[in-house]
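A.B. asks: pasted the sequence and its predicted model underneath.
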Amino acid sequence: MKLKKFFNNKTVIVTGHTGFKGSWLSLWLVSLGAKVIGLSIDTVGNQSHFKAIKLAKKLKNINIDIRNLGKLKKIINKHKPDYVFHLAAQSLVKKSYIDPIYTWNTNTIGTLNVLESLRSFKKTCIAVIITSDKSYKNLEIKRGYKENDILGGKDPYSASKASAELAIQSYINSYFSFKKNKVFIGVARAGNVVGGGDWSENRLIPDCVKSWSKNRKVLLRNPNATRPWQHVLEAVGGYLKLAMKLKENKKLHGQAFNFGPSENKNYRVIYVVKLMKKYWNKVSWKIISKKKNNFYESSLLNLNVKKAKNKLKWQSILTFDQNIKMVTEWYKNYYINPKKIYKTSISQIKKYEHLMKKNFIL
C-alpha cells in the first residue's frame, strides 16, 4: 500500500494546518504530491513549525475561523476535496479555563460545522476527524482506554472534545449512513505528541529548547513525572493510514481509532532531558520545588491501540531513543541554521516512511 497511490494529485483539505500536528501532516501530504488546501485562523505565534519551514509557499493557504459555517461550506464546495483532515481546535487545557466559550465553540461547534459542510457534499470524500485521548472519561484506571470506553471530561477542553465525539456519531447515524452516502468518516484519538517545531506553552520539550537556545538551564519542577511520549509522525502516520484504509474498506466508516505508543510505557521527565543531552551539548537543567496548578487537568491517558493494529495494520514503530533523537536533532539543526530546517523536516518524514515500509505498515 503506497502513500503516493492514495494522495498524489488528490485535493486534500486540512483544517488547523498551521498548528503543530497540522503542519507536519500538511508537509507530508505536499511531499506526496497532494494539492493541499490549508484552513486555519491566523493565530500562529512568532515561532512555529509552519513558519519555520515556510509551508505557506507550498500549499493554498486560506484564513478562516472554523466557527464560520457559511464560509466553510463555500470553500469545501468550491474545492471539492478527495480527503478532509480536521485538526483545527483550541488545544490547551489552561486556555480552556480562561476562555471556555471560545474552546467549546471551536472544538465542538467547529467540528459540527465541518460535518454540516460535508452533509450536502455530492462527491466521494474521505474525512478523518481528529479528537483527543482526553475525550475519554478519566476513571483513573491503569489499563489503556479502548475505543468503546465511556467519553467525558471535567475540564472545558476535555468536555468540548467529548462533545465533539457525540456530534460526530450523531451526524454519522443521521446523515452519513445511507446507501447513496459518498462521505466516509473516521475518528482518530491521539494523546500529546512531541516533535520538532513545537513551541507551545507549558510543555516540557518546548520549555526546554526555549531555555537552551538562550544558553539557560531549564527549570524542572517535577522531574519524576511520567508521560507517554509519542512522536508527531507516529500520530500523523496513523491519520494517513486511517484515510487510506477507509478509502479501501467502507466498513470502517464511522469507527474511532486510538493512536498511541504500542508499549504503553511512560518515561520520567528527568530521563527525557538526560537522553536529549546525549544528542545536544546545550542541554542543561535545574530541579526546583514544584509549583501547584490552580486548575484541574486530567492526567494523560494510556490508550489501547490493538484496534488500529488489527484493522489498520498500524502501530507505533519508533523506539524511545529514536523518538527523542529525532526531536532533539530537529531543534539542534534549527538553532544552528534555521534556513535549512525545511530539509530536516522532509528528511525525517522520508526516514519515517522507510521505517513504515520496513515494518510492513505501508
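C.D. replies: Alright, I've got the coordinates.
A.B. asks: when you work out contacts or count neighbours from here on, use the C-alpha atoms and nothing else.
C.D. replies: Will do.
A.B. asks: which element, helix or strand, includes the most centrally placed residue in the chain?
C.D. replies: Geometric centre of the chain, nearest residue: Lys21, 4.1 Å, by Cα atoms, centre = their mean. Assigned by DSSP states H and E, Lys21 belongs to helix 20-31.
A.B. asks: elements contacting that helix?
C.D. replies: strand 11-15, strand 35-40, helix 49-52, helix 232-248, helix 341-358 (3 or more Cα pairs under 8 Å, 6 or more residues apart in numbering; DSSP states H and E).
A.B. asks: cutoff 10 Å now
C.D. replies: helix 3-7, strand 11-15, strand 35-40, helix 49-52, strand 83-86, strand 193-194, helix 232-248, helix 341-358 (3 or more Cα pairs under 10 Å, 6 or more residues apart in numbering; DSSP states H and E).
A.B. asks: the inter-axis angle of the second one versus strand 35-40?
C.D. replies: Put plainly, it is strand 11-15. Orientation of strand 11-15 against strand 35-40 (axes from the mean of the first three to the mean of the last three Cα atoms, to 10 degrees) gives an angle of 20 degrees.
A.B. asks: can you list contacts of stretch 337-351?
C.D. replies: 24-25, 27-28, 31, 49-50, 52-55, 195-197, 233, 237, 326-327, 329-335, 352-356 (Cα atoms under 10 Å, 6 or more residues apart in numbering).
A.B. asks: could you flag which of those are buried?
C.D. replies: Among those, those scoring as buried are 24-25, 27-28, 31, 49-50, 52-53, 55, 195-197, 233, 237, 326-327, 329-334, 352-353, 356 (criterion: 16 or more other Cα atoms under 10 Å).
A.B. asks: now the strands: where do they sit in the stretch 101-250 of the chain?
C.D. replies: For the stretch 101-250 of the chain, applying DSSP state E, counting those that start in this stretch gives strands covering 125-130, 183-190, 193-194, 218-220, 226-227, 230-231.
A.B. asks: report the buried residues of the fourth one.
C.D. replies: Applying a neighbour-count criterion of 16+ other Cα under 10 Å, one finds 218-220 buried in strand 218-220.
A.B. asks: next, format these as CSV and append pLDDT and distance to Leu39.
C.D. replies: Shown next, in CSV, are those (pLDDT from 0 to 100; distance: Cα to Cα, whole Å):
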residue, pLDDT, distance to Leu39
Val218, 93, 35
Leu219, 90, 36
Leu220, 91, 36
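A.B. asks: kindly export the helix holding Lys21 (C-alpha atoms) in PDB.
C.D. replies: The C-alpha coordinates for helix 20-31 follow below in PDB (Å, rounded to 0.1, in the frame of the first residue of the first chain):
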ATOM      1  CA  PHE A  20       1.900  21.600  15.200                       C
ATOM      2  CA  LYS A  21       0.400  18.300  14.100                       C
ATOM      3  CA  GLY A  22      -1.400  20.100  11.200                       C
ATOM      4  CA  SER A  23       1.800  21.500   9.700                       C
ATOM      5  CA  TRP A  24       3.600  18.100   9.800                       C
ATOM      6  CA  LEU A  25       0.600  16.400   8.200                       C
ATOM      7  CA  SER A  26       0.300  19.100   5.500                       C
ATOM      8  CA  LEU A  27       4.100  18.900   4.800                       C
ATOM      9  CA  TRP A  28       3.800  15.100   4.400                       C
ATOM     10  CA  LEU A  29       0.900  15.400   2.100                       C
ATOM     11  CA  VAL A  30       2.700  18.000   0.000                       C
ATOM     12  CA  SER A  31       5.700  15.700  -0.300                       C
END
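A.B. asks: and the direction of it versus that of helix 232-248, what angle?
C.D. replies: Going by the same axes, to 10 degrees, helix 20-31 makes 60 degrees with helix 232-248.
A.B. asks: quick one: average pLDDT of helix 20-31?
C.D. replies: The predicted model gives helix 20-31 an average pLDDT of 97.
A.B. asks: could we number from 405 for the rest of this?
C.D. replies: New numbering, starting at 405: the last item is helix 424-435.
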